[in-house]
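[1] Quick one, structure for this:
(chains A and B)
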Amino acid sequence: QKEVEQDPGPLSVPEGAIVSLNCTYSNSAFQYFMWYRQYSRKGPELLMYTYSSGNKEDGRFTAQVDKSSKYISLFIRDSQPSDSATYLCAMSPRRGSNYKLTFGKGTLLTVNP
Amino acid sequence: GAVVSQHPSRVICKSGTSVKIECRSLDFQATTMFWYRQFPKQSLMLMATSNEGSKATYEQGVEKDKFLINHASLTLSTLTVTSAHPEDSSFYICSASEAMGSEQYFGPGTRLTVT
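    Numbers count the residues shown, from 1 in each chain, chains lettered A, B, ... in the order given. The predicted structure is shown next:
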């Protein structure tokens, strides 16, 4: 079993839809959870991070962590064509440069106008 | 703020030659830099971690003599792929971190094609 599992999609939705992206993980030591957005042929860009369980909201984006289920989610409300990208989840035991990140494979999202 | 650049963005080289990729932190001093490789439709795989002024720490299975990493200053790290082979063709991405407890900021990546 891989440490981090993420459905690669592709996921195609109409503009304005609510998008749900998910990852599961097996390492109970993970406590720091991140979502990155990666446009084609570009490096990943940090969207949101959460520490331990709970929800975090930033504009149209909401990140959720359920440590009991080892399941994290990213919700995108009122999705826009500019949200079309690959979304990668990443996690580590602690925050900081001395702890390496473990990434999911990424989910390719297309928002159709 | 927190901008990381990579050069070149794309490179094509012949099998057996060496290629150097640069990673620069433009507006902060990066005490730690990371090098990743990403194959199509695959996740980012960490290759090595380097701290300024010290030898890089390579992940298991990554050949340190093939992938030479130098982190000579707080704003520059280089990855040299030596004696490149077609199977080394990939997207190489660096990231940089300012200090312990801070985020990793990613560069735009370098597409390497070995013919």
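[2] Test of understanding: give the bridge partners of the closest residue to A:Glu5 other than its chain neighbours.
    Among residues not flanking A:Glu5 along the chain, A:Thr24 sits closest, at 4.8 Å (C-beta to C-beta, 6 or more residues apart in numbering or on different chains). Placement of C-beta: from N, CA and C, glycine included. Assessed by DSSP bridges, A:Thr24 has beta-bridge partners A:Glu5, A:Tyr71.
[3] Enumerate the beta-bridge partners assigned to A:Leu109.
    Beta-bridge partners for A:Leu109, by DSSP bridges, are A:Leu11, A:Ala85.
[4] Where does pLDDT dip in chain A?
    Counting by pLDDT under 70, the ranges of chain A that qualify are A:1, A:96-98.
[5] List the contacts of residue 87.
    You didn't pick a chain, so chain A it is. A:21, A:35-38, A:47, A:74, A:106-107, A:109 (C-beta atoms under 8 Å, 6 or more residues apart in numbering or on different chains).
[6] My question was about chain B, not that one.
    B:Val114.
[7] Tell me the spacing between it and B:Lys64.
    17 Å (C-beta to C-beta, to the nearest Å).
[8] Next, the contact list for A:Asp78, please.
    A:Asp78 neighbours (C-beta under 8 Å, 6+ apart): A:16, A:18, A:60.
[9] any idea which of these is the one closest to chain B?
    Closest approach between these and chain B, by C-beta to the nearest C-beta: A:Arg60, at 21.0 Å.
[10] Excluding chain neighbours, give the residue nearest to that closest one in space.
    With sequence-adjacent residues excluded and distances taken as C-beta to C-beta, 6+ apart, A:Arg60 is closest to A:Arg77, at 4.6 Å.
[11] give me the number of residues near that neighbour?
    Residues contacting A:Arg77 under the criterion other C-beta atoms under 10 Å in any protein chain shown number 13.
[12] May I have the beta-bridge partners of residue 38?
    Just going to use chain A. Beta-bridge partners recorded for A:Gln38 (DSSP bridges): A:Thr86.
[13] should've been chain B
    On the basis of DSSP bridges, B:Gln38 is bridged to B:Leu44, B:Phe91.
[14] okay, now it: neighbour count?
    Here the number of neighbours of B:Gln38 (other C-beta under 10 Å) works out to 21.
[15] ok and the residue in chain B nearest chain A?
    In chain B, the residue that lies nearest chain A is B:Ser97 (3.3 Å; C-beta to the nearest C-beta).
[16] Identify the residues contacting that residue.
    By C-beta under 8 Å, 6+ apart, the contact list for B:Ser97 reads A:96-97, B:30-34, B:103-105.
[17] Distance check, it against B:Met33.
    Distance, B:Ser97 to B:Met33, using C-beta to C-beta: 8 Å.
[18] which stretches of the chain form strands?
    Using chain A here. Applying DSSP state E to chain A gives strands spanning A:4-5, A:11-14, A:19-25, A:32-38, A:45-51, A:54-58, A:61-66, A:71-76, A:85-92, A:102-103, A:107-112.
[19] hmm, I had chain B in mind actually
    For chain B, applying DSSP E gives strands covering B:4-7, B:10-13, B:19-25, B:32-38, B:44-51, B:57-58, B:67-73, B:76-81, B:90-97, B:104-106, B:110-114.
[20] What parts of chain A come near chain B?
    Listed as neighbours of chain B in chain A under the rule C-beta under 8 Å from any C-beta of the partner chain: A:4, A:6, A:8, A:36, A:41-46, A:49, A:88, A:95-98, A:100-101, A:103-106.
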